[in-house]
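output the structure for:
(2 chains)
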There are 2 protein chains.
Amino acid sequence: MEFTHTHTSVQPPKHSKKTLCDLDYAQDPPRILSNYLVHAPKPFNAEPHLPLLVNSGTITPADVFFKRNHGPIPDIRLEDHQVYIGVQTDQLSEKVDWKVLSMQDLMTRWPKATITASLQCAGNRREGLAQLKEVKGVIWKSGTISNAVWSGPRLCDILKDVVGIPEDLHHEMIRNFHVALEADDSVVEDTCYGSSIPLRKAMDPLGDVILAYEMNGKPLSRDHGFPIRVIVPGYIGARSVKFLQKILIQPQESSSFFQRKDYKILPPWVNSSNVDAAWDSTISLGEMNVQCVICTPMEKEIIPSSRPITVKGYAISGGGRAIYRVELSADGGKTWEPVDKIEQTPDKTSGMYWAWALWEKKLPKIMTTSELVARAYDSSGNIQPEFPIWNYRGVMNNAWFRVSNVTQMPQSHM
Amino acid sequence: MEFTHTHTSVQPPKHSKKTLCDLDYAQDPPRILSNYLVHAPKPFNAEPHLPLLVNSGTITPADVFFKRNHGPIPDIRLEDHQVYIGVQTDQLSEKVDWKVLSMQDLMTRWPKATITASLQCAGNRREGLAQLKEVKGVIWKSGTISNAVWSGPRLCDILKDVVGIPEDLHHEMIRNFHVALEADDSVVEDTCYGSSIPLRKAMDPLGDVILAYEMNGKPLSRDHGFPIRVIVPGYIGARSVKFLQKILIQPQESSSFFQRKDYKILPPWVNSSNVDAAWDSTISLGEMNVQCVICTPMEKEIIPSSRPITVKGYAISGGGRAIYRVELSADGGKTWEPVDKIEQTPDKTSGMYWAWALWEKKLPKIMTTSELVARAYDSSGNIQPEFPIWNYRGVMNNAWFRVSNVTQMPQSHM
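Have a look, this model is predicted:
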């Protein structure tokens, strides 16, 4: 296989460190703001309103899908974009023989795989931890998750062809190496957004890591990573790097801020005063944990007493593990009943459960004093904890989900 | 590669259904009974005393390792034993082209892999669920887990060579097929002990499934599966079939009692009166969930007040996920501290965490009213629930582990 632009002296562009003043948001794309609870306009961070999210169905439209950014949305031309791929075999040597692929290479030279996968920010439900103690990060509620159909070449196919990992090094590299991913963007925390995944995950033919240039059958929108992004199913969203520009196989995790100093469950004795000493001793997050959220009714919602209430929500687990059971309690967690319906479809090619489960349950009536609580179980028997356990970065909160103060009243009183 | 005994008309022996009276335990091997809490002599089911278990170190000696049986230990001669391997490509066709391997084939024709892996019965800590409501099964306490070094050929190497899955079917089979495993033994529940694992797990080069003929550097003892057993790291112990006689790749899970009607987390509304209708709608267990147990001190233990107390225990998760943190509470779960030391080593070849973590923490003194509680977190952010959630088969209980009524007193009063 030949590549359009391959020569040994090629070097990927280097991004320089930016300050807040360097970042220009004037070229950010338009958004349907009414769909969202907007936490910050610059960088644009917004989660869909929960009823809209769950009522949009299994596949979330791009205009409803949560939007998580660390800087301005880069304005990239499809024709100009290139993805650089290299291997650093030795931790001490910086010598990398870079290959470069055009978007046309990426869109034509490998079979187009289609994966239905949910992305969830590790900070989803951070609000529940912020209520306990100060946390660092956007105070997300429970809508920082969405599900879409992604299409593009498999990363394992590309790496096999372009990098050609030698058979005798294969096992050792698979065990120890990482794939560092960098975006063609600008952020204040680092030179660009970056992250990494284990080479094991990237090369697993059932791991379904793809470089997606389509979302729900259309070219990626700029907000979701145009012209190409990584999709790492089963992992926290932070690993699915948007605006992908650089792929480097290397013996260690990415040195990016976002891999080394961000998405980690810090121990509970770590806070803003001692956090700097704690990063290196805490592992970086990969797979998601088991999660369940009630999307409707919402806190303090008033519902006509003339009709039954349909409680709806989502549930998901990491690593392709299926949602095995969802239970709802209408009395604050004292007694539980199974939900009426859970819809979750395994991925067509791999059979893994990368997509969320949507579930619902009809309740004849709700006592005004009652608290609705939902919890899910995954196929490995993992369970959610009853109460949230605080961590400074406010990530991976998967405590039982509670909705209180839902009331029913005759329509004439509403 | 040629095999000692391969011809097309070969058929594995068929085991016949037995009654309790057919089972003869006279040839069971001798055991060091003082090491164990023996729950049943016939079949022999015994767990090591917890202090002995944790004080034996990371690698559990065979004489301390828990023993879980469903029938008499078969008395097999190494020279006579054969393992049959076949593929059933179609669910409706029973036609299988069996190959057969001698123990010499298994011990010489493939590289010998060595994996350090813990086995844990899905029913470990069933006692905690039995206290809530009637459960079915041996009322195990918390010692139905042990860790050993296992050696033998990789199942993926054998299947590639012997079965030769065609490249074009590979992906589809990996996604949908299962490997049914049968023992050369007799049980009352079925014709023999049987189970299955997804072909995906068996073929994953980092999945580390091996056919072990050695445990801790010596031939397997009869109690642990002589002459050969499966080791399925990261899965519940029930899938690591002992006395292995038959391996069949097939489009569905094993039809064995032990796959279809046993190791499942039944929903909480299923009990002895309605269980038969529930089996088919409940998935079979594979990967373990996150677990943590205090092994010493034990409930009601009296410790001299002249010395500090060292609390010791184990923690583990399934699927190769690492133990990420262990915390101890000396006040019943109100406040938590990290343990002083956690020792867990990834597997040398795959880098996966198949072996348990042993941990310890020194406490200067214990209040007599206090309750010691331990909990662990795995690398995917999975957490243990505070309270056990009952299920009829009493499996996968991983609630916070509690030890109460430990007292310290001056030696002169003891």
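
CA only for contacts and neighbour counts going forward, please
OK.

what's the burial count for the residue lying closest to residue A:47 once chain neighbours are set aside?
Nearest-residue entry for residue A:47: residue A:66, 4.5 Å, with adjacent residues in sequence omitted and distances by C-alpha to C-alpha, 6 or more residues apart in numbering or on different chains. Neighbourhood size, residue A:66 [other C-alpha atoms under 10 Å in any protein chain shown]: 28.

so residue A:66 versus residue A:52, what's the distance?
Residue A:66 is 11 Å from residue A:52, where distance means C-alpha to C-alpha, to the nearest Å.

enumerate the residues of chain A near chain B.
Residues of chain A found near chain B (C-alpha under 8 Å from any C-alpha of the partner chain) are A:171-172, A:175-176, A:206, A:265, A:283, A:285-290, A:318, A:324, A:349-351, A:379-386, A:396.

and the residue of the stretch 1-150 of chain A found nearest chain B, its phi and psi?
Nearest residue of the stretch 1-150 of chain A to chain B, counting by C-alpha to the nearest C-alpha: residue A:122, 10.1 Å away. Note on residue A:122: its backbone torsions stand at phi -60, psi -20 [degrees, to the nearest 10].

can you pull the contacts of the residue of chain A found nearest chain B?
With C-alpha to the nearest C-alpha, the shortest gap between chain A and chain B falls at residue A:385, namely 4.6 Å. Residue A:385 is in contact with A:398, A:399, A:400, B:383, B:384, B:385, B:386, counting by C-alpha atoms under 8 Å, 6 or more residues apart in numbering or on different chains.

show the pLDDT at the third one.
Right, the one you point to is residue A:400. As predicted, residue A:400 sits at a pLDDT of 97.

run a quick neighbour tally on it.
22.

for stretch A:115-130, how far is the first residue from the last?
Terminal residues of stretch A:115-130 are spaced 34 Å apart (C-alpha to C-alpha).

since we're on residue A:31, how many residues are nearby?
A count of nearby residues for residue A:31, using other C-alpha under 10 Å, gives 13.

what is the end-to-end distance of stretch A:221-236?
Stretch A:221-236 has an end-to-end distance of 20 Å (C-alpha to C-alpha).

give the rounded mean pLDDT of it.
Across stretch A:221-236, pLDDT averages out at 98.

quick one: that stretch to chain centroid distance?
Using C-alpha atoms, centre = their mean, to the nearest Å, the mean C-alpha position of stretch A:221-236 is found 9 Å from that of the whole chain.

same question, stretch A:70-78
Here stretch A:70-78 is found 19 Å from its chain centre; the criterion is C-alpha atoms, centre = their mean.

can you list contacts of it?
A:23-25, A:27-29, A:42-44, A:103, A:184-188, A:193, A:222-223, A:226-227, A:243.

inside helices: which ones of those residues?
Residues of these located in helices (DSSP state H): residue A:103.

so how do I select the buried members of the contacts of stretch A:70-78 in PyMOL?
Of the contacts of stretch A:70-78, the buried ones go into a single PyMOL selection, burial set by 16 or more other C-alpha atoms under 10 Å in any protein chain shown:
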select buried, chain A and resi 28+42+43+44+103+184+185+186+187+188+193+222+223+226+227+243
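
residues contacting the residue nearest to the spatial centre of chain A?
Nearest residue to the geometric centre of chain A (C-alpha atoms, centre = their mean): residue A:237, 1.8 Å. Residues near residue A:237 by C-alpha under 8 Å, 6+ apart: A:119, A:120, A:121, A:122.

let's have these in JSON lines, adding neighbour count, pLDDT and secondary structure.
Output for these, formatted as JSON lines (neighbours: other C-alpha atoms under 10 Å in any protein chain shown; pLDDT from 0 to 100; DSSP: H, G, I helix; E, B strand; the rest coil):
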{"residue": "A:119", "neighbour count": "26", "pLDDT": "98", "secondary structure": "strand"}
{"residue": "A:120", "neighbour count": "27", "pLDDT": "98", "secondary structure": "strand"}
{"residue": "A:121", "neighbour count": "25", "pLDDT": "98", "secondary structure": "coil"}
{"residue": "A:122", "neighbour count": "27", "pLDDT": "98", "secondary structure": "coil"}
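
re earlier: ok, the residue nearest to residue A:47 touching residue A:48?
Yes - Residue A:66 is within contact range of residue A:48, at 5.8 Å (criterion: C-alpha atoms under 8 Å).

let me have the contacts of residue A:237 in JSON lines, adding distance to residue B:156 as columns.
Output for the contacts of residue A:237, formatted as JSON lines (distance: C-alpha to C-alpha, whole Å):
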{"residue": "A:119", "distance to residue B:156": "32"}
{"residue": "A:120", "distance to residue B:156": "34"}
{"residue": "A:121", "distance to residue B:156": "36"}
{"residue": "A:122", "distance to residue B:156": "35"}
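
report the two of those separated the most.
Between any two of these, the greatest separation by C-alpha to C-alpha is 9.5 Å, found for A:119 and A:122.

what do the two both touch?
When contacts are counted by C-alpha under 8 Å, 6+ apart, residue A:119 and residue A:122 are jointly contacted by A:236, A:237.

for the nearest residue to residue A:155 once chain neighbours are set aside, what are its contacts?
Of all residues not flanking residue A:155 in the chain, residue A:210 sits nearest, at 5.1 Å (C-alpha to C-alpha, 6+ apart). When contacts are counted by C-alpha under 8 Å, 6+ apart, residue A:210 touches A:113, A:151, A:152, A:153, A:154, A:155, A:230, A:231, A:232.

run through who's touching the biggest helix by length in chain A.
Longest among the helix segments of chain A by residue count, using DSSP H, is helix A:167-176. Residues outside helix A:167-176 that contact it (C-alpha under 8 Å, 6+ apart): A:198, A:199, A:200, A:203, A:251, A:252, B:206, B:349, B:350, B:351.

again, 6 Å this time
Applying C-alpha atoms under 6 Å, 6 or more residues apart in numbering or on different chains, the external contacts of helix A:167-176 come out as A:199, A:200, B:350, B:351.

and the second one, how many neighbours?
Residue A:200 has 21 neighbouring residues, counting by other C-alpha under 10 Å.

so it sits in a strand?
No - judged by DSSP: H, G, I helix; E, B strand; the rest coil, residue A:200 forms no part of a strand; its state is helix.

got a pLDDT number for it?
For residue A:200, the pLDDT comes out at 92.

in a helix, residue A:106, correct?
Yes - using three-state DSSP, the secondary structure at residue A:106 is a helix.

name the nearest residue to it, ignoring sequence neighbours.
Closest to residue A:106 by C-alpha to C-alpha, 6+ apart is residue A:153, at 6.8 Å.

measure how buried that neighbour is and give me the count.
22.

verify the contact between it and residue A:112 for me.
Yes - taking C-alpha atoms under 6 Å as the definition, residue A:153 is a contact partner of residue A:112 at 4.9 Å.

so which of the contacts of stretch A:70-78 belong to strands?
The strands, defined by DSSP state E, take in residue A:44 from the contacts of stretch A:70-78.

flag the shaky bits of the stretch 301-414 of chain A, pLDDT-wise.
Within the stretch 301-414 of chain A, the segments meeting pLDDT under 70 span A:369.

and what of the stretch 51-200 of chain A?
Residues of the stretch 51-200 of chain A meeting the criterion pLDDT under 70: A:166-169.

how about 90 then?
In the predicted model of the stretch 51-200 of chain A, residues A:88-95, A:97, A:163-176 satisfy pLDDT under 90.

what residues sit buried inside stretch A:66-75?
A:66, A:67, A:68, A:69, A:70, A:71, A:72, A:73, A:74.

what's the answer for stretch A:124-141, then?
A:124-130, A:135-136, A:138-141.

stretch A:341-356 now?
A:342, A:344-347, A:349-356.

what residues does residue A:126 make contact with?
If you count contacts by C-alpha under 6 Å, 6+ apart, residue A:126 has them with A:139, A:140, A:394.

give me the subset of the residues you listed lying in helices.
Judged by DSSP H, the contacts of residue A:126 include no members of helices.
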